[in-house]
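> just a sequence and a predicted model for now, questions to come.
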Amino acid sequence: MAIRHAKRLSIGTDTTSVQGSEDIELVSRVVAQQDTAAYGELVRRHQSQIRNFLRKLCRDNELADDLAQECFIHAWEKLHTYSGSGSFIGWMLKVAYTTFLQSKRKSSRYDQVLEKVGHAAEVGGSTHTQESVELSDLDKFLAVLTEEERGVLILSYACGLSHREIGDAAELPVGTVKSIIFRSKERIRESFEIEDHQYG
Amino acid sequence: MVDRRKDREDKMLEALFRSDPVPDNGFSARVMTRVNRRIWVRRLALPAAFVVGGIIAMKPLSQLAVTFSKFLVFVPSNFGGLTLESIPQASTIVLGGLLLAAMMMITKMLEE
């Protein structure tokens, strides 16, 4: 689709400003003409969401930003495979999630969070110890989940993807996505003894 | 009731996950620098490999040329008078060459 669109656009879009263009037009220009200005605009538009996603996934801003750079380089290489059927940010999040899963430098910060939470509970059961103050509720919630559950929950609630889009991004059937979300919420409730759905 | 509770829970989770946009702070520029570098590396890779390969191959090739020129001394003076028939299995070699050429053409056509 992107290639077909690219062929149509390659006839007369040289003068089109990249800033006012739709994502699909910019993708087409990149695929057809290796237009770095168009790709630069795509990076500028979506860097915040990709970095936010990876920051939540890694809980390490520096590592997340390194992975985000890798993600945009991979996306540049694979842009011709974007079919145009879903949103571009959905496709980018898929690339980001794959980059994270393939990374050898995956952060184990959530293990540290889990240790801290456990330690705080052992010390006095208080949620106001020095260590636990440094952690947000979100950190604690995410720490009790598996890597897959964390990824799916972030894609759903932080990135606002639909179940189908999450399925595409994480290469999971929609039914599995739904059950992972359900299971994750159950686990959070059980771990923190949350009643009547009082988060935060 | 369950659905209503679910909505409330989902909204709470969304609020918990919500975060401020990450400022660019030169991130896009760094990505584009790497992309541009990659483009240049790709453009230069083939000519560079050609030059490096040529330099590496120069010494053994010159040695081969010297050795070959020494062997020419042993070639009989009437070597030029050889006919195609005097080469054993010449027809097989020609047929093999033709088949190879045909195979290459078919492969190219299939690729296109």
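It's in.

> by contact count, what packs against the helix or strand containing residue A:64?
Element membership of residue A:64 [criterion: DSSP states H and E] is helix A:61-78. Helices and strands touching helix A:61-78, by 3 or more Cβ pairs under 8 Å, 6 or more residues apart in numbering or on different chains; DSSP states H and E, are helix A:36-58, helix A:88-102, helix B:27-71. C-beta: built from backbone N, CA, C; applies to glycine.

> number of residues surrounding residue B:73?
Residue B:73 is flanked by 6 other residues according to other Cβ atoms under 10 Å in any protein chain shown.

> I'd like the distance between it and residue A:33.
As judged by Cβ to Cβ, to the nearest Å, residue B:73 and residue A:33 stand 60 Å apart.

> for chain A, what lies in contact range of chain B?
Counting by Cβ under 8 Å from any Cβ of the partner chain, the positions of chain A adjacent to chain B are A:34, A:36, A:39-40, A:43-44, A:47-48, A:51-52, A:55-56, A:65, A:68-69, A:72-73, A:76, A:137-138, A:141, A:153-154, A:157-158, A:160, A:185, A:197-200.

> nearest spatial neighbour of residue B:23, skipping sequence neighbours?
residue A:48 (7.9 Å; Cβ to Cβ, 6 or more residues apart in numbering or on different chains).

> so the one you found sits against residue B:22, correct?
Yes: shown here, residue A:48 and residue B:22 form a contact pair, counting by Cβ atoms under 8 Å, at 4.5 Å.

> related to what we said a few turns ago, just the pLDDT for the residue nearest to residue B:23.
pLDDT for residue A:48: 95.

> likewise for the one 4 residues further on?
Reading off the confidence values, residue A:52 has pLDDT 94.

> contacts only, for it.
A:158, B:19, B:21-22 (Cβ atoms under 8 Å, 6 or more residues apart in numbering or on different chains).

> the residues you listed in strands, which ones?
Judged by DSSP state E, strands contain none of the contacts of residue A:52.

> and the spatially most central residue of chain B, what pLDDT?
Closest residue to the average C-alpha location of chain B: residue B:46 at 8.2 Å, with Cα atoms, centre = their mean. For residue B:46, the model assigns a pLDDT of 84.

> what of residue A:103?
84.

> check contacts around it.
By Cβ under 8 Å, 6+ apart, residue A:103 lies in contact with A:67, A:70.

> now it: how far from residue B:109?
According to Cβ to Cβ, residue A:103 and residue B:109 sit 43 Å apart.

> just give the nearest non-adjacent residue to residue B:32, would you?
Nearest-residue entry for residue B:32: residue A:40, 4.9 Å, with adjacent residues in sequence omitted and distances by Cβ to Cβ, 6+ apart.

> thinking the one you found is in contact with residue B:24, fair?
No: Residue A:40 lies out of contact with residue B:24 (Cβ under 8 Å); the separation is 11.1 Å.

> low-confidence regions, the chain specifically.
Reading this off chain A. For chain A, applying pLDDT under 70 flags the ranges A:1-16, A:104-135, A:194-200.

> think we crossed wires, I meant chain B
For chain B, applying pLDDT under 70 flags the ranges B:1-6, B:75-90, B:111-112.

> interface residues of it facing chain A?
B:5, B:8-10, B:12-19, B:21-24, B:27-28, B:30-32, B:34-36, B:38-39.

> which of these count as buried?
Buried members of the residues of chain B next to chain A, scored by 16 or more other Cβ atoms under 10 Å in any protein chain shown, are B:9, B:12-13, B:16-17, B:22, B:27-28, B:30-32, B:35.

> how far away is residue B:50 from chain A?
To chain A, residue B:50 is 22 Å away according to Cβ to the nearest Cβ, to the nearest Å.

> got the contact list for residue A:155?
Applying Cβ under 8 Å, 6+ apart, we find residue A:155 in contact with A:53, A:93, A:97, A:161, A:165-166, A:169-170.

> domains for chain A, by residue range?
Following automatic domain parsing, chain A resolves into domains at A:2-102, A:109-192.

> surely residue A:185 is in contact with residue B:9?
Yes: proximity of residue A:185 to residue B:9 meets the contact threshold set by Cβ under 8 Å, at 6.9 Å.

> so residue A:172 is in which element?
Going by DSSP H and E, residue A:172 is not in any helix or strand.

> is the nearest residue to residue A:56 once chain neighbours are set aside part of a helix or strand, or is it coil?
Take residue A:56 and drop its neighbours on the chain: the residue closest to it by Cβ to Cβ, 6+ apart is residue A:154, 4.9 Å away. Taken by DSSP: H, G, I helix; E, B strand; the rest coil, the conformation at residue A:154 corresponds to helix.
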